[in-house]
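Trainee: curious how this folds, go ahead:
(chains A and B)
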Amino acid sequence: MGPRSRETWAQRLGAFRASPSAFMAGPEGEDLGCDLLSELRSEKLSEQTKVSLLALSLEYPAQLWPDTAAAEAAATSLLDTLVLLPPRPSALRRPLLLAATTALAAGDALGPTSAASLRLLPLLLGLASGSDLGRGFGPASEQRSLQATACECLRELESCKPGLLGGRLGLLRGLLGQEGPVQPLSLLLALALRNALLIQARARAGLQGLLVAGDAPAVGIPWNWALAEEGAAHLQPQAPGWPAAEVQECGLAVLEPSPEEARELRAAVAQLLDTSYLLTPVAQAQLLWLLGWALRGLRGQPPVLFKPQLVRLLGTAQLTLLHAILALKAAFGEALFTAQDEALLLRRLTLAAQHPALPLSAHLFYLHCLLSFPENWPLGPTGEEAAPLLLGPRLCRGLLPSLLHDPMALLARLHLLCLLCADDEEKEEKAQDWSPQHYLEELLAGLRQRAALDGGPRALATLCFQASYLVVRCLAMQPAVLTPLTRGLAQLYQSRPALAPHFVDLLDRVGPELGEPLRVVLRQEVVARPGKDEALCWHLQILAKVADGNAQSATLGFLRAAAARCTDWDLQQALLQVCRALLRAGVGKGLADLLQALARQLEDPDGRDRARLYYILLAHLAGPKLGVALGPSLAAPAASSLVAENQGFAAALMVQEAPAPIRLSVGPRRAEGPVPVLQLQVEVLEPVYSLELRFRVEGQLYAPLEAVHVPCLYPGRPCRPLLLPLQPRRPAPTHLDVRALYTTPSGLTRHAHLPPLLVTFADLFLPFPQSPEGDKQGFFEELWDSCLPKGAESSLWCPLGPQGLEALVSHHLEPFVVVAQPPTSYHVAIHLPPNSRLLLRLEAAQVDGVPVALRTDDWAVLPLAGDYLRGLSATV
Amino acid sequence: MAQRAVWLISHEPGAPLGGTVRFSRRYPTVEKRAKVFNGASYMPIPEDGPFMKALLFELRLLDDDKDFIESRDSCSHINKTSVYGLLIGGGELWPVVAFLKNNMIYACVPLVEQTLSPHPPLISISGISQGFELLFGIQDFLYLGQKHDTEINTKLNQLPDLLLQACPFGTLLDANLQNSLDSINFASVTHPQKQPAWKVGTYKGKPQVSISITEKVKSMQYDKQDIADTWQVVGAVTCKCDLEGIMPNVTISLSLPTNGSPLQDILVHPCVTSLDSAILTSSSIDAMDDSAFSGPYKFPFTPPLESFNLCYYTSQVPVPPILGFYQMKEEEIKVKITVNLKLHESVKNNFEFCEAHIPFYNRGPITHVESKVSFGQLEVFREKSLLIWIIGQKFPKSMEISLSGTVTFGAKSHEKQPFDEICIGGTAYLKLHFKILDFTLTGC
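Mentor: Numbers count the residues shown, from 1 in each chain, chains lettered A, B, ... in the order given. Model prediction:
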């Protein structure tokens, strides 16, 4: 693209500034960085335009040159442009230096492998030391300003890469002693010194003579990156300078310089402080912060060096200077400030916090400083705002809040007043003439009066509630304050119900000390004074917050009366919201009538539906469950209360699957009755209510099984066995699929899948019902004969265990034995429901086994019987 | 110590966006450090549009006061300093130093060299006071002596270049921007050794020191048993020293007439080299007694080139310069007012101007006024519900003047009429504006 005119550039820059992201996403975005660099060398553009291009690169390097390589290339190009400038005065040198520095530092390109860095650093150092860089560096008239600029650039690079100048401390000291510009050199030296001390302390190394004044600028010597490499790891959050307790963390305490190093260090610091009056006030403050930081916790470095400066600075009105003194106070405490000094400092702060010649923002900051004052011997916990001990009520008298103050000033002063009240309460003997509590009460009353103004701005109401909240937070334990406050707020509501959202907000934030009584009086206020129609929606909003089980009939009476006036959707929903609160609170009978009436009479179908839903819930759910159903949703906060409510329902009323706290097992068999019955044993890990166990059989083997119900089960408390009658359609073992449905102690319904239950072949055995008394043998023979020819016959060898046949029979077959000739012969007849029979002859038992002849009328039973008999020996 | 970004936003009530960004400057190298220092709590500097919107909302400068908005109106959202947290795109930008002055919002975001959650106390952040100083500096530069929009626009256009001098990398070098402007112009002057950074060049010419003292008296007279009347004088000593040499030493001494009320709450310019401890401790907080230090007040200093405020003080003079009496009686839509003013004999009876403003709040427009003044003339501003009693240059010989009259009001129309949250019903005030040349109340 060809060169652009000044106008097109102005337009382009304007468009970019309006929204950098939109511009960069557009068609022109991509080329902007390159265009800018090339246009800087164009001869058609004026210097002024070029400066504005450079200004853009100072602000948005990340957008123009998004990666390290691009930043490196840009810095190289900027340096080339700088070198190519004709040797006459030019407004471009300074911004070019700044731009190259910014490109390298912001683009992460600064480092030993970056060619541009290796060009820029010696150039800056050379300029900073005022050495003649030869032709190309402009006329002598610019030297001074470039020298300062180079110092600024170096300071910024040192800030971004601590330790970069660690090896040049001596050189910088030397320059400061000579003719260099005092401010840039002082600040650069102080920063480099602070960083070097920090890094060396972490590395547990000494100063290693870093401070000893060096020779002339070492332009040719390669740059020493060692300290910066160490430092790079330390540009971390480090809670600098504050609070004093964190000295250990910074590790400065471990740096113990040798006496010689300590002397050098002291000399360097003294040198910096001695000329500090030549710096602008803001720069003096920076210097104090840096040096305070550097020397904090350093052994052998008494902070008295600072003392001569303090007297000079205490009298000023400069925010930065007083702030820097406070930083020194925090860093050195008693070592620098005696109790008298502390008192004087507090006095000056108190004075500055109300001085009519200072702006409000400064007052507020000083008030903050008072409440966070770094005391020599703080009493309270650190980190909490508190009135310093030496700040007595007399000093505070000028800092009392009044209605005429700006809201922020009022709140800040109110906080101080609250702290005074808290102190006053602790004191045995109270001041006779003046009581902070009384003052506080009057102030709050005034605030409420203003908030009650009809049509007044919301800011006034907000201020009143903020003040009330602040008072409650500070003085929650003082009924003498809270009682009038509660009463006053109730009156405020009475005169301006439109403040209901503020009341709801306040109730949400304060603890029970104010919350409980305020709820009660607000409820009384609403119920007793229904008021005009326009207040109804606010009343309902308040009631939804404060309604509970108390004073039910009055509340319901109010709602009944209100229902007739709720003609639009909003009001109806607000009304139902109150009903909901009552439902949650467990209000019963009267509410049911109201809901029924609402379900009929409300005009809006939405309202009717919701009323009906609440009625159904009330009629069908027990108290705790209702509470859970309507309780706050456990899900993420929803966008609206209706959604939240639905989520609550979903969570509470839907049956959720859960891992079962129930263990089910099959107990001993009971072979009796007309059908086989499983005895189930249940254990639970937590209380379970309304347990319903549902069973399902795979395939069509059995008739569907009835569910088993248990009202409640408790862990550790035995429960009688549950009987599960089986109705087999064929005599076959099977698995029962078991599901449990139950209610948890919190009222939620859960369902769980339990491990399947095994119904074995033997579980189906029943004795023959009508075994005749007399001829048992004959009965058996009759059964035996009747099996054939339809059925099947088999014989097999049943191995016996050491206890022999008798034990085997008594263990497994006892109920079914028809004829017994112990110990060698047994005739066994088993009824297998629905209508099969299995007959066994166990005769002529030998030591290791018994031959078994078996007959059945159902050939399908044979393999099962065989497996069963063979398995017996294993279980004996 | 550094700032991540600076903005100037003009507040335009009623405009669609509520304001316009007049100036903004970002510091990417500082931003780089913020990212490292703030760690997980880092929140990038937003673009101008979203920033302005969030700031106007937080400062309650958007016209959407109607509804309760929790993030702004909640009782626990308490701001006690001019430092805010702005909710932008789901994150919080903190700390934003901002204040509104002359319909211009001054804002900056200082670098915090630690994690931001939980918020560290403001007192531990060096960038906060530096940020304030930068914004105060810009404000002084824009508004000192300037009243016209065109002049302010010219100065706004100079700002980018000035900040390039005074704050090239986000770390403020000099809050006095005028100094930076001069240093651009003086660039070719060769500087001798040990030139203070706050003094751009040297003066050549006839030595001359001019000092002016301005005193403002702020008095509230209630004429009630339970509320004490107050009157306090706030003084400022302004100097312009045209002296040769790099660091000339000057001492200014303020002395009071015998039995004069002592100067208190003295704040000095940083160029003052030393201060008597009696000056440091003399404060209005203390009960007055005869032992109070009453001067002479010596201020040794090395002056900068420009005009500067050497010191500020307050003083508790024994009586208010003008004693007032104001009574208002309501009779349905009318109010009867009576005003008496009395000039104290010790005060020079020669005003540049003197007028009493009698505003009426929370009422309709003035429809009719019947009045009688013993001196001067009464002007009526019907729509503003305001009476101005122009007293003129001198009180009459008796030193006492009075006004009585009846004011009738029309029906209250919406919004247009002045609203005040304190002046309800019978609560009202009269405000006296006056200026006397070549006279101080303290006598110094």
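
Trainee: make it CA atoms for all contacts and neighbour counts henceforth
Mentor: Will do.

Trainee: tally of neighbours for B:Met1?
Mentor: A count of neighbours around B:Met1, defined by other Cα atoms under 10 Å in any protein chain shown, yields 23.

Trainee: for chain A, see how far away it is.
Mentor: Applying Cα to the nearest Cα, to the nearest Å, the value for B:Met1 to chain A is 7 Å.

Trainee: contacting residues around that residue?
Mentor: The neighbourhood of B:Met1, defined by Cα atoms under 8 Å, 6 or more residues apart in numbering or on different chains, consists of A:286, B:110-111, B:125-128, B:130, B:171.

Trainee: run the last query once more with 7 Å
Mentor: Taking Cα atoms under 7 Å, 6 or more residues apart in numbering or on different chains as the definition of contact, the neighbours of B:Met1 are A:286, B:111, B:126-127, B:130, B:171.

Trainee: again with A:Pro302
Mentor: Contact analysis of A:Pro302 by Cα under 7 Å, 6+ apart lists nothing.

Trainee: next, work out how far apart it and chain B are.
Mentor: Between A:Pro302 and chain B the distance is 22 Å, computed by Cα to the nearest Cα.

Trainee: what about that residue, distance to B:Met52?
Mentor: Relative to B:Met52, A:Pro302 is positioned 47 Å away (Cα to Cα, to the nearest Å).

Trainee: now do A:Glu264
Mentor: From A:Glu264 to B:Met52 the distance is 50 Å (Cα to Cα).

Trainee: circling back: narrow the contacts of B:Met1 to those in strands?
Mentor: With strands taken from DSSP state E, there is no overlap with the contacts of B:Met1.

Trainee: just the residues you listed now: which is nearest B:Lys372?
Mentor: Proximity of the contacts of B:Met1 to B:Lys372, judged by Cα to Cα, is greatest for B:Gln130, which lies at 55.3 Å.

Trainee: identify the residues contacting the closest one.
Mentor: With contact taken as Cα under 7 Å, 6+ apart, B:Gln130 is in contact with A:282, A:320, B:1.

Trainee: repeat that with 6 Å
Mentor: The contact partners of B:Gln130, taken as Cα atoms under 6 Å, 6 or more residues apart in numbering or on different chains, are A:Thr320.

Trainee: and A:Leu506, how many residues sit next to it?
Mentor: Counted by other Cα under 10 Å, the residues lying close to A:Leu506 total 21.

Trainee: which secondary structure element of the chain has the lowest mean pLDDT?
Mentor: If you meant another chain, say so; for now it's chain A. Ranked by mean pLDDT, DSSP states H and E, the helix or strand of chain A with the weakest confidence is helix A:247-250, at a mean of 44.

Trainee: oops, chain B please
Mentor: Per-element confidence for chain B was summarised using mean pLDDT, DSSP H and E. The lowest value among helices and strands belongs to helix B:177-185, with a mean of 76.

Trainee: report the next helix or strand after that one in sequence order.
Mentor: For helix B:177-185, the following helix or strand on the C-terminal side (DSSP states H and E) is strand B:208-220.

Trainee: in that next one, what's buried?
Mentor: For strand B:208-220, burial by neighbour count (16 or more other Cα atoms under 10 Å in any protein chain shown) applies to B:213-217, B:219-220.

Trainee: max pairwise distance over the residues you listed: which two?
Mentor: B:Ile213 and B:Met220 (22.9 Å).

Trainee: which residues of the stretch 201-350 of chain B fall in helices?
Mentor: With DSSP state H, counting those that start in this stretch as the criterion, the stretch 201-350 of chain B has helices at B:277-281.

Trainee: neighbours of B:Asp276, just the number please.
Mentor: Residues near B:Asp276, counting by other Cα under 10 Å, number 13.

Trainee: what residues does chain A put near chain B?
Mentor: A:59, A:106, A:141, A:179, A:236-239, A:242, A:278-280, A:283, A:312, A:315-317, A:319-320, A:361, A:364-365, A:369, A:408, A:411-412, A:450, A:462, A:465-466 (Cα under 6 Å from any Cα of the partner chain).
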